[in-house]
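> one predicted model, sequence on top.
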Amino acid sequence: MTQAELFTEPDLIELAPSILSADFAHLADQIERATAGGGSVIHVDVMDGHFVPNITIGPPVVKSLRQATRLPLDCHLMIENADRYIADFAEAGADWISVHQEACRHLNRTLNLIKSHECRAGVVINPATPVETLSEVLEIVDYVLVMSVNPGFGGQKFIPGAKHKIRKLAEIRAGRGYSYRIEVDGGIALDTVAEVVRAGAEILVAGNAVFGKGDAKSNAAALLDEARSASLQKV
Ligand code: DX5
Ligand code: ZN
């Protein structure tokens, strides 16, 4: 299925392994294992030490990842002044770029800038940010990312309030005929994945649950199994 087709299949469940919890000295191997387990989007967490209290990676690493996988690279920018860096990420090989509502003073402009680089444009909300703040941009985004932890670190505990926001986004999409996909990020593991899928999440980011311990292939496969059975239980 092509990327364009994927975005017209909002119900398709996908696992997006987050490399934040991977062994950075063996990124290509780790991505290969997670892909073998069914991961179909690679989630890349970009942190600047200002918007969030941690620093991770930038465009040079994305450029190397581009050589290591054919899967879409989903770059989650947890940075201030995103406009300054969007071209760099796009040129490095990002396919999807998401920015935080809380970090963008001119959100509409930033989302259109992402699209002008032929990337899928996503908007992200922190646990304390209501869905209503996105009302004016939902029509133009390709995906909405609901944070289910406060961004900055992997391995944190899932915040249940994310579920009602996912539900609301699914209702708004159906009611207004929009086509964005719904992604969730933070604390997604075997004990939380079913509830977010039942709420309406379609793209499931998981770092610790895939790369934390054991084998990334079997971890990814188990998570996807759980997610797909929950999806079948949806009415
Ligand atoms: C947190 C990041 C997440 C992180 C999720 O700020 O945005 O993508 O990797 O990690 P887990 O799945 O371990 O909660
Ligand atoms: Zn993330």
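Perfect, I can see it now. Numbering: from 1, shown residues only. Ligands and ions are numbered 1, 2, ... in the order given.
> and for the closest residue to Gly161 other than its chain neighbours, the neighbour number?
The spatial neighbour of Gly161 that comes closest, neighbours along the chain excluded (C-beta to C-beta, 6 or more residues apart in numbering), is Pro127 at 6.1 Å. Glycine gets a C-beta too; all of them are placed from N, C-alpha and C. Pro127 is surrounded by 16 other residues when neighbours are defined as other C-beta atoms under 10 Å.
> residues in contact with Pro127?
Listed by C-beta atoms under 8 Å, 6 or more residues apart in numbering, the contact partners of Pro127 are 147-150, 159, 161-162.
> identify, from those residues, the entry nearest to Val193.
The shortest approach to Val193 among these belongs to Ser148, at 10.8 Å (C-beta to C-beta).
> what's near enough to touch that closest one?
Contacts for Ser148 were tallied using C-beta under 8 Å, 6+ apart; they are 127, 158-159, 162, 184-188, 192, 196.
> can you verify my assumption that Gly207 contacts Gly155?
Yes: taking contacts as C-beta atoms under 8 Å, Gly207 lies within contact range of Gly155: 7.2 Å.
> report pLDDT for the closest residue in space to Glu118 that isn't next to it in sequence.
Of all residues beyond its chain neighbours, the one nearest Glu118 is Ala90 (7.3 Å), with distances taken as C-beta to C-beta, 6+ apart. Looking at Ala90, its pLDDT is 98.
> please apply the same query to Gln233.
At Gln233, the pLDDT value in this model is 85.
> and the gap between the spatially closest residue to it that is not a sequence neighbour and ligand 2?
Excluding the flanking residues, the one nearest Gln233 by C-beta to C-beta, 6+ apart is Arg198, at 6.6 Å. Arg198 sits 22 Å away from ligand 2, taking C-beta to the ion, to the nearest Å as the criterion.
> look at Arg198 and report its pLDDT.
Model confidence at Arg198, expressed as pLDDT, equals 97.
> may I have the secondary structure class of whatever residue of the chain ends up closest to ligand 2?
Evaluated by C-beta to the ion, the chain has His76 as its residue closest to ligand 2, separated by 3.8 Å. For His76, the secondary structure call by DSSP: H, G, I helix; E, B strand; the rest coil comes out as strand.
> which residues are in contact with it?
By C-beta under 8 Å, 6+ apart, the residues touching His76 are 43-46, 98, 122, 124, 145, 185, 205.
> against Glu139, how distant is the residue nearest to Gly161?
Pro127 sits at a distance of 24 Å from Glu139 (criterion: C-beta to C-beta, to the nearest Å).
> ok, now how distant is Leu27 from ligand 1?
Leu27 sits 14 Å away from ligand 1, going by C-beta to the nearest ligand atom, to the nearest Å.
> thinking that residue is in contact with Gln67, fair?
No: taking C-beta under 8 Å as the contact criterion, Leu27 and Gln67 are not neighbours in contact, 10.8 Å apart.
> show me the helices in this structure, by range?
Counting by DSSP state H, the segments of the chain that form helices are 3-6, 27-36, 59-68, 83-92, 107-116, 162-176, 193-199, 208-211, 216-232.
> so which of those helices gets nearest Phe51?
Of all those, the one in closest proximity to Phe51, counting by C-beta to C-beta, is helix 83-92 (12.0 Å).
> buried ones in that closest one?
Along helix 83-92, these residues count as buried under the neighbour rule (16 or more other C-beta atoms under 10 Å): 85-86, 89-90, 92.
> spell out which parts of this structure neighbour ligand 2.
Taking C-beta under 5 Å from the ion as the test, the list of the chain residues beside ligand 2 reads 45, 76, 185.
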